[in-house]
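# Just a sequence and a predicted model for now, questions to come.
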Amino acid sequence: MIRHLRGLLLRRSPADVVVDVGGVGYGLAISLATYDRLPEEREEAEFFTYTHVREDRLQLFGFAEEAELSMFELLIGVTGIGPTSALTVLSGIPLNALRTAIFEERVSDLAQVRGIGKKTAERVVVELKDKIRGTSAEARPGEGKGVASAVQEATMALIALGFQAPAARKAMESAQKKYGGEATVQELIRHALRDR
């Protein structure tokens, strides 16, 4: 599985890019949010990637931020949403607005995205609300990493490891009491796994 690419940006468009990594050109489908962050052609670019394998093809999806990749992976886990639909959602709604819409159960905001009907939007809210709870205040691009972002990063990692969102938050509260503001992401995760 290809999870990260860094190389020369050969071609860019609002829907896809070609990146030369060691003489091999990788084609990546991208969101509009990623397109907005791209450097000019012939400059170095970096992508966090998702590899989608089907019987008849291999497809790469690229994202400028890990947070956008994480949301993409959550979206494709929702019944009825494939990679193309997930990319459409990420192109149609800014990441923080998407988190807020899911958290606040604003189905109408999600249903406005082309190809996402009311029933699919309701499914997104139902299936993802607990998974994103506590992550909507993630550090914005350009902000420094502090205690809050370490806790949020550890919470997301615990959810990815199979914790339910409420249990992950409770584990982080316990870890914060033990370590205070000095804990690293790794220490927070280790503490949660030991106390499980």
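Sure thing, it's come through. Numbering: from 1, shown residues only.
# how about the CA coordinates for the helix or strand bottoming out on mean pLDDT in the chain, as PDB?
Using mean pLDDT, DSSP states H and E, helix 147-160 stands out as the lowest-scoring helix or strand of the chain, at a mean of 69. The C-alpha trace of helix 147-160 is given here as PDB (Å, rounded to 0.1, in the frame of the first residue of the first chain):
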ATOM      1  CA  VAL A 147      -1.200  19.700  24.300                       C
ATOM      2  CA  ALA A 148      -4.600  19.900  22.700                       C
ATOM      3  CA  SER A 149      -3.300  18.600  19.300                       C
ATOM      4  CA  ALA A 150      -1.400  15.800  21.000                       C
ATOM      5  CA  VAL A 151      -4.500  14.700  22.800                       C
ATOM      6  CA  GLN A 152      -6.600  14.900  19.600                       C
ATOM      7  CA  GLU A 153      -4.000  13.000  17.600                       C
ATOM      8  CA  ALA A 154      -3.800  10.300  20.300                       C
ATOM      9  CA  THR A 155      -7.600  10.200  20.400                       C
ATOM     10  CA  MET A 156      -7.800   9.700  16.600                       C
ATOM     11  CA  ALA A 157      -5.200   7.000  16.800                       C
ATOM     12  CA  LEU A 158      -7.100   5.100  19.500                       C
ATOM     13  CA  ILE A 159     -10.300   5.300  17.400                       C
ATOM     14  CA  ALA A 160      -8.300   3.800  14.500                       C
END
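# what comes up buried for the following helix or strand past it?
Tracing the chain C-terminally past helix 147-160 and defining elements by DSSP states H and E, one meets helix 165-179 next. For helix 165-179, a neighbour-count test (16 or more other C-beta atoms under 10 Å) marks Ala165, Ala168, Arg169, Ala171, Met172, Ala175, Gln176 as buried. Bear in mind the C-beta positions are built from the backbone N, C-alpha and C, glycine included.
# ok and helix 165-179 relative to helix 147-160, angle-wise?
Calculated by axes from the mean of the first three to the mean of the last three C-alpha atoms, to 10 degrees, helix 165-179 forms an angle of 140 degrees with helix 147-160.
# Centre of the chain to helix 165-179, how far?
22 Å (C-alpha atoms, centre = their mean, to the nearest Å).
# What would the helix or strand just after that helix look like as CSV? C-alpha coordinates only.
Later in the chain than helix 165-179, the nearest helix or strand by DSSP H and E is helix 185-195. Extracted as CSV, the C-alpha positions of helix 185-195 are listed here (Å, rounded to 0.1, in the frame of the first residue of the first chain):
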residue,chain,number,x,y,z
VAL,A,185,1.3,11.4,21.6
GLN,A,186,3.1,8.1,22.1
GLU,A,187,2.9,8.4,25.9
LEU,A,188,-0.8,9.1,25.7
ILE,A,189,-1.5,6.1,23.5
ARG,A,190,0.6,3.8,25.6
HIS,A,191,-1.2,4.9,28.8
ALA,A,192,-4.6,4.3,27.1
LEU,A,193,-3.5,0.8,25.9
ARG,A,194,-2.2,-0.2,29.3
ASP,A,195,-5.4,0.9,31.1
